[in-house]
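In: Can you look at this prediction? I've put the sequence above it.
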Amino acid sequence: MLLTLLGCSYPLEKRAAPPQLISAAEMPGANNIDFSLIFSQVLTPQCIGCHSSSRGRGGVILDSYENVFKNLAGVRAAVAGNQMPPQGPLNDHLKELLLQWIDEGAPLQLAQPATPPPPATPPPGAPSIPAAELNYITVNKLVIEPMCLKCHAEPANKGHVNLETYAKVIENIAAVQKTIAADSMPLRSKLSLEQKTLILDWIRAGAPEMLSVAEVVPAGASSTELIP
């Protein structure tokens, strides 16, 4: 293959005028070279005169992607050794262009960027609640009742853990925090991120049973004003 490529002697003046060549400054980066660029910048001006379907010097034809790919190893060896084309080696940036294309797998076309998947729909869960407004009533309604009481209420009391009341939750608060933080509870269905965040934030806030009077009473009002 290499010897047949070296046998090119077709006069340059009989070749078609080459297309506008890119300069070294215009060289595309890695993974941005495809066959159409190689064909227009290298093969058409430098190789097709000898290695077209009508001439095919040495049985080597380079006028299509399939034919170039079939002779890829010989082309690379000849170009890397500055032995092709015989009228003079390719200039540095065209040589680099061709060798880079071959070393990247000689792609026919540039890979199309993958269409990003649509944003995932967040799982249903507890709404975001400011830490100052966290209390047992909220956590019980949004997390404990729907996610825990099937197993941790009378008569099941799995693991001898009952979470039916605030006092029972506080009694088991360390175990609750540990298992939820480790995503090992509940067993059959996981908490949503919102539910997990809600109950852990509540525990870190001291697991209050209800809002304090200061949080319930509007600014400037007396707690007695709330009593009918």
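Out: Nice, thanks for sending it over.
In: When you work out contacts or count neighbours from here on, use the C-alpha atoms and nothing else.
Out: Fine.
In: and residue 102, how many neighbours?
Out: 20 (other Cα atoms under 10 Å).
In: Please look at it and residue 75 and confirm they touch.
Out: No. Counting by Cα atoms under 8 Å, residue 102 does not reach residue 75; the two are 9.3 Å apart.
In: So the residue nearest to the spatial centre of the chain, which state does it fall into?
Out: The residue lying closest to the centre of the chain (Cα atoms, centre = their mean) is residue 116, at 8.4 Å. Following DSSP: H, G, I helix; E, B strand; the rest coil, residue 116 is assigned to coil.
In: Low-confidence regions, this structure specifically.
Out: 1-31, 56, 113-114, 119-128, 131-132, 211-228 (pLDDT under 70).
In: measure residue 204 to residue 197 for me?
Out: 10 Å (Cα to Cα, to the nearest Å).
In: Those two - which one has more neighbours?
Out: Neighbour totals were compared for residue 204 and residue 197, and residue 197 leads with 18 against 11 (other Cα under 10 Å).
In: How far does the helix or strand hosting the more buried one sit from its chain's centre?
Out: Secondary structure from DSSP states H and E places residue 197 in helix 193-204. Chain-centre distance of helix 193-204: 29 Å, with Cα atoms, centre = their mean, to the nearest Å.
In: And stretch 160-170, by the same measure?
Out: 43 Å.
In: what do you get for stretch 65-82?
Out: Going by Cα atoms, centre = their mean, where stretch 65-82 is centred and where its chain is centred differ by 34 Å.
In: List the buried residues for that stretch?
Out: 68, 69, 74, 75, 76, 78, 79, 80 (16 or more other Cα atoms under 10 Å).
In: Secondary structure class of the fourth one, three-state.
Out: The one in question is residue 75. Secondary structure for residue 75, judged by three-state DSSP, is helix.
In: quick one: it and residue 98, what's the gap?
Out: For residue 75, the distance to residue 98 - Cα to Cα - is 9 Å.
In: how much space between residue 203 and residue 69?
Out: 65 Å.
In: show me the contacts for the nearest residue to residue 164 once chain neighbours are set aside.
Out: Take residue 164 and drop its neighbours on the chain: the residue closest to it by Cα to Cα, 6 or more residues apart in numbering is residue 153, 5.7 Å away. Residue 153 makes contacts with 161, 162, 163, 164, as judged by Cα atoms under 8 Å, 6 or more residues apart in numbering.
In: right, and the third one touches residue 152 too?
Out: The reference is to residue 163. Yes. Between residue 163 and residue 152 there is a contact at 5.6 Å, judged by Cα under 8 Å.
In: So between the two, which is more surrounded?
Out: residue 163 (23 against 19).
In: need the contact list for the more buried one.
Out: Contacts of residue 163 (Cα under 8 Å, 6+ apart): 144, 148, 149, 152, 153, 169, 172.
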